[in-house]
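Enquirer: Okay, predicted coordinates and the sequence, questions at the end:
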Amino acid sequence: MGETTVDNWQAVLRRIAEAETKGGRPAGSAQLVAVSKTYAVEDIAPVAAAGQRVFGENRVQEAIAKFPALRARFPDIELHLIGPLQSNKAAEAVATFDVIETVDREKIAKALAAEMAKQGRTPRLYVQVNTGAEPQKAGILPSEAVAFVARCRDVHKLAIEGLMCIPPAEDDPAPHFGQLAALAREAGVDRLSMGMSGDYETAIAQGATSVRVGSAIFGARPKG
């Protein structure tokens, strides 16, 4: 599996580079976050050995279980939390992740601010925006996003550096990506985490600075 996975990873990198060129963007301006959620350490290690250093996980406990072994081999790994965060996991999230992409409500902002002060760690932070206003999906509503970024900065003293979204599966993602880019400009942030295995080239055309790709690299996600 390792060889195939590395081939897939290299193909994704080529497609990212092509999308950057097509969009008139500088080479390397869209970072690949390899989404390793549900995949085992032995599935992830070949990609890390080939040079990938930025990984995304959905669950705090899963990351805690998997990444100490990987970081022992590859100390410069950068780990992103891309799944919903519960306030009772804030301490572990701050201790484990370098980037938390799913700040989406006041309670989380407050908990993260307290833990960052306590631990002396400052993971980089993104606000997740629910661009499709889907009731089952995490993220702050677009109409509230700019004000929420301001509150995070002014009230909780959090340095928000970007926005993240997951468009509705049935929608054309391009308008959602365009909306996120517009909100980022209004909020005064310059990082955009958007685009997954099926639409990352569209996201790059709309200004994504990082794309979250899992199954296109690692293959069909394990069930369960």
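Expert: That came in fine, so what should we check first?
Enquirer: what helix or strand is A95 on?
Expert: helix 90-96 (DSSP states H and E).
Enquirer: Identify all contacting residues around the helix or strand that that helix is followed by.
Expert: Beyond helix 90-96 on the C-terminal side, the first helix or strand identified by DSSP H and E is strand 99-103. For strand 99-103, the surrounding residues in contact (CB atoms under 8 Å, 6 or more residues apart in numbering) are 56, 78-85, 93-94, 108-109, 112, 123-128, 138-139, 152, 158, 160, 162, 164, 193. From N, CA and C alone the C-beta is placed, and that goes for glycine too.
Enquirer: separation between T131 and I100?
Expert: T131 sits at a distance of 19 Å from I100 (criterion: CB to CB, to the nearest Å).
Enquirer: How about P167?
Expert: For P167 relative to I100 (CB to CB), the value is 20 Å.
Enquirer: Among the contacts of strand 99-103, which lie within strands?
Expert: Mapping those onto strands (DSSP state E) picks out 56, 78-81, 124-128, 160, 162, 164, 193.
Enquirer: Now do the longest helix seen in the chain: distance to the chain's middle.
Expert: Criterion DSSP state H: the longest helix present in the chain is helix 2-22. A distance of 18 Å separates the centroid of the chain from that of helix 2-22, by CA atoms, centre = their mean, to the nearest Å.
Enquirer: Can you give me the buried ones in it?
Expert: Residues of helix 2-22 classed as buried by neighbour count (16 or more other CB atoms under 10 Å): T5, V6, N8, W9, V12, L13, R15, I16, A19, E20.
Enquirer: helices or strands up against it?
Expert: Judged by 3 or more CB pairs under 8 Å, 6 or more residues apart in numbering; DSSP states H and E, the packing partners of helix 2-22 are strand 31-35, helix 41-50, helix 200-205, helix 215-218.
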